[in-house]
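Undergrad: build me a model from this:
(chains A and B)
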Amino acid sequence: MIKMEDIRKSYGPQDNRFEVLKGISLTVEDGDFLVLLGASGSGKSTLLNVASGLEYPDSGKILYDGEDIAALSDEERTRFRKEKTAFIFQQYYLLPHLNVEQNVKMGADLASNKDYRKTIEAVGLAEKRAKYPHELSGGEQQRVAVARALAKKPEVLFLDEPTGALDETTGRQVLDYIDRLQKELGFTIIMVTHNANIADMAKTVLRMNSGKIVEAWQNESQKTAYEIGW
Amino acid sequence: MRDVFKSAGIIIISFCAVFVCTLFLNYNIDLKSAEGLIFQEDAQYFYHAQIMTGKMVSALSGGCLLLTSAVMLCFYIGHYIDTHSKSLGILKAMGYSAGRLACSFAGFGLSVFTGTGLGYAGAHIIMPQFYKTQNKEGLLPEIHIHFHPALLLALVVLPTLAFCLLSVLYGRLRLKAPVLELLKGRSSSKIKVAKSTGTAKAGRELPFLQELRSSVLRQRKSLVFFIGFASFCYAAMMQMSFSMDELASRMMALMILLIGIVLSFVTLFLATTSAVKANWKTLAVMRALGYPDRECSSSVLGGYRLPACIGFALGTVYQYVLLQIAVTVVFRDVENMPEFHFDVPALVVALISFTALYELILHAYARKIRRMSIREVMLDED
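TA: So this is what the prediction gives:
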C-alpha cells in the first residue's frame, strides 16, 4: 500500500517560489489502477515524480508499506526504484543504439529476470527483437518501453502520458497490453493522463487542479482499452 | 560566447603548437644566418645538431598539434551541429542554404587565431631566455633575435585562414543532411548497429551493462580516439621530458612536460565531458530505472579505460623509439652524447600521475552524474 501524507513541492528561486503540490494526501491500495487526471500544469506529473522517488518533496511523507521514501538517501531511493518501481514515459526514452532485446534487458537485468523474451512476446514484438528504435513505429517503441518496464517485475508501474505521442489505434493497443499484463501480474498502476476517457479503464480516478486533488471516485466497472472513447 | 569557451581546447593546442614552432624556427633561421661565423669542428657539430633538433621538434610537435587541432575542430563542429540540429533544421526549413549557415562556422577558426596569436606572442616573450639556454656553453657566436614576417604568416595568418576554411567546408558537409534529419536530432542513420559477436552467435548472453559499455564505445569512436590520444601524449611527453633533461636542456624538458600535460589534460577533459554529455539521457533513464550511480558512471566512462591504457602503452613505446632514433641516427656524430636507456622511474612516475589524473577526472564526472536531476534531463528532452 502507498500512502502519501500532506505532500508539498515548489519550484523556482527562493523569493519567487511556485507551489506545484499543495498538501496532497492519498492512499493507493496494492493492485489498484489509479489514474491522475488533470490539465497541463495541474501538478499531476510532479506528483508522479515525487511518488515514484524521482524527486524529493519539500515536505510530507510517502509511505510504501510503512517505509517513508521521502526520508531515504539518494542511494536508498535508487535501490527502492530498482526493487519496486518501473516507468513508462510519453517520449519512450529507449536507448537508440541498443536493439529491442537489449533495451528490454536493461530492465530485466535489474530484476535478474532471464525470461524477458516472454515479455517481448507478450507485447507482440517477438519478430522485431533485433530491430533498433529508429526502425520501429511510435507504437512499437512504446511497447518496447512497456516490455522494459515490466521485465523488471515492478510492484508499482508509473506511467506519464503513455499514449500522449500515439494515434488512437496505437494508443488503444498499448493501453490494452498494459491492462492485460496488469490483470495477469497484479502490479499497481499509477497513470498520469489528460485524456478523461482513459480514466474509464481505471479502478480509482483522481482529478487534480492547481496542485490539489479536487475530485476522486472509483469506477464500478473498468472498461477495456477498446471500450473507452478517445 | 559559450561555444567560444568550449573551443578552449583548440586555443590551447594551437597555442602550444605555434609557441614551440616559433621558438625553434625563429632560432633556426637566426642560427643559419650565423653559419658563416662557425669554424671550429665541435661548434659545427653542435650547430648541425641544433638545426636538426629545431626541425625535428617543430615538425613533430607542431605538426602533431596542428593535426590534433584540425581533428578537434571537426569534432567541435560535428558536436555543435548535433546539439543544435533542431535550430539548424528550422533555419534550413525556412530557406537558409547549408552554405550560408556554414559560413557562420568561420567563427570557430577564430579560436585558432587566438591560440596561434598568443603562442606567437608568448614565444617572443620567452625567446631571449631560450636563445641564451640554447647557447649556454658558448660554442656558437652570439645569436641575435630577428623578426621574421614569413613565420608570422606561416604560423599565425595561414593556419587561421586554413582553419576558417576547414570550419566552413566541414560545416557545409554536415549541414547537407536533409532538413527532417536535422529536425529529428542526431540522425538515426548515424546509429552504429552492432555486428553480432562471436559470443552472441554462440548463444552466450552478455549482461546489459557490458553490452551498453561496448555500444557506448561504438557510437563515439572519435571520443575513443581522443582519450587514447590524450593518454598517448601524456605518456610520451612526460617520459620524453625526463630523457630530455639528460639529452638536451632542462628548459626543453620543462617545455615538453608542460605541453604534454596541457595537451593531454585538455584532450582528456574535453573527451570525458563529451562522453558524459552524449550519454546524459541514457544516464537519466538508467537512474530512473534504479541503476546505482556507480554502475551508471562505469557503464559510460569505464569503457574508456582500455583505450587509455593502449594509448599510454603506445606513447611509451613511441617516445622510446623516437629518442633511440634521435640518439643513434640523427645525433650519432655529436660528441659527448650520453647513452640513452629506457627510463623505468620515468615510466613509473608517468603511469602513477596519469592514473591519478584520469581517475580524478572520472571521479569528478561520477559526482556530476550523482547530482544530475532526472526531471531536468527529461524536461530538456521535451
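
Undergrad: switch to C-alpha atoms for all contacts and neighbour counts from now on
TA: Noted.

Undergrad: what sits up against stretch A:85-98?
TA: A:52, A:103, A:132-134, A:141-142, A:144-146, A:149-150, A:152, A:154-165, B:191-193, B:212, B:215-216, B:219, B:281-282, B:285, B:288-289, B:382 (CA atoms under 8 Å, 6 or more residues apart in numbering or on different chains).

Undergrad: just the buried residues from these, in PyMOL please.
TA: A single PyMOL command selects the buried members of those (16 or more other CA atoms under 10 Å in any protein chain shown):
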select buried, (chain A and resi 52+103+132+133+134+141+142+144+145+146+149+150+152+154+155+156+157+158+159+160+161+162+163+165) or (chain B and resi 191+193+212+215+216+219+281+282+285+288+289)
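
Undergrad: average pLDDT for stretch A:120-138?
TA: Averaging pLDDT along stretch A:120-138 gives 91.

Undergrad: how long is that stretch end to end?
TA: 16 Å (CA to CA, to the nearest Å).

Undergrad: output the lowest mean pLDDT helix or strand found in chain B.
TA: helix B:198-201 (a mean of 47; mean pLDDT, DSSP states H and E).

Undergrad: residue A:208 sits in which helix or strand?
TA: Using DSSP states H and E, residue A:208 falls within strand A:204-209.

Undergrad: and whichever helix or strand comes after that strand, which residues are buried?
TA: Under the assignment DSSP H and E, the closest C-terminal helix or strand after strand A:204-209 is strand A:212-218. By 16+ other CA under 10 Å, the buried positions in strand A:212-218 come out as A:212, A:213.

Undergrad: check stretch A:51-58 too.
TA: A:51, A:52, A:53, A:54, A:55, A:56, A:57.

Undergrad: return the subset of the contacts of stretch A:85-98 lying in strands.
TA: A:156, A:157, A:158, A:159, A:160 (DSSP state E).

Undergrad: so the last one sits against residue A:191, correct?
TA: I take that to be residue A:160. Yes. Checked against CA atoms under 8 Å, the pair residue A:160 and residue A:191 is within contact range at 6.0 Å.

Undergrad: common neighbours of these two, please.
TA: Contacts common to residue A:160 and residue A:191, judged by CA under 8 Å, 6+ apart, are absent.

Undergrad: list the buried residues for the top helix by length along chain A?
TA: Scanning chain A for the helix with the most residues, using DSSP state H, yields helix A:168-185. The neighbour-count check on helix A:168-185 (16+ other CA under 10 Å) flags A:170, A:171, A:172, A:173, A:174, A:175, A:176, A:177, A:178, A:179, A:181, A:182 as buried.

Undergrad: what residues are up against the residue of chain B found nearest chain A?
TA: Closest approach between chain B and chain A, counting by CA to the nearest CA: residue B:290, at 3.9 Å. Neighbouring residues of residue B:290 by CA under 8 Å, 6+ apart: A:78, A:79, A:80, A:81, A:82, A:83, A:110.

Undergrad: you'd agree the second one is in a helix?
TA: Okay, so that is residue A:79. Yes. Under DSSP: H, G, I helix; E, B strand; the rest coil, residue A:79 sits within a helix.

Undergrad: quick check: nearest residue in space to it, chain neighbours excluded?
TA: Leaving aside its sequence neighbours, residue A:79 sits nearest to residue B:290 (CA to CA, 6 or more residues apart in numbering or on different chains; 6.1 Å).

Undergrad: what's the answer for the fourth one, then?
TA: For residue A:81, the nearest residue in space outside its immediate sequence neighbours is residue B:290; the separation is 4.8 Å by CA to CA, 6+ apart.

Undergrad: residue B:94: neighbour count?
TA: 10 (other CA atoms under 10 Å in any protein chain shown).

Undergrad: farthest pair in the ones in strands among the contacts of stretch A:85-98?
TA: A:156 and A:160 (13.1 Å; CA to CA).

Undergrad: next, the buried residues of the host helix or strand of residue A:37.
TA: Under the criterion of DSSP H and E, residue A:37 resides in strand A:33-38. Buried positions in strand A:33-38, judged by neighbour count with 16+ other CA under 10 Å: A:33, A:34, A:35, A:36, A:37, A:38.

Undergrad: make sure the second one is actually in contact with residue A:207.
TA: No. Using CA under 8 Å, residue A:34 is not in contact with residue A:207, being 10.7 Å away.

Undergrad: on the pLDDT front, check residue B:189 for me.
TA: Looking at residue B:189, the pLDDT reads 50.

Undergrad: tell me the helices in chain A, going along the chain?
TA: Under DSSP H, chain A gives helices at A:44-51, A:74-84, A:100-108, A:116-122, A:138-150, A:168-185.

Undergrad: whoops, I mixed them up, the stretch 251-382 of chain B
TA: B:280-289, B:293-301, B:305-325, B:344-371, B:374-381 (DSSP state H, counting those that start in this stretch).

Undergrad: average pLDDT across the last one?
TA: In other words, helix B:374-381. The model assigns helix B:374-381 a mean pLDDT of 63.

Undergrad: same question for the first one.
TA: Helix B:280-289 comes out with an average pLDDT of 84.

Undergrad: get me the contact residues on chain A for chain B.
TA: Within reach of chain B by CA under 8 Å from any CA of the partner chain, chain A has these residues: A:49, A:54-55, A:75, A:78-83, A:85-87, A:91, A:93, A:95-98, A:102, A:105-107, A:109-110, A:134.
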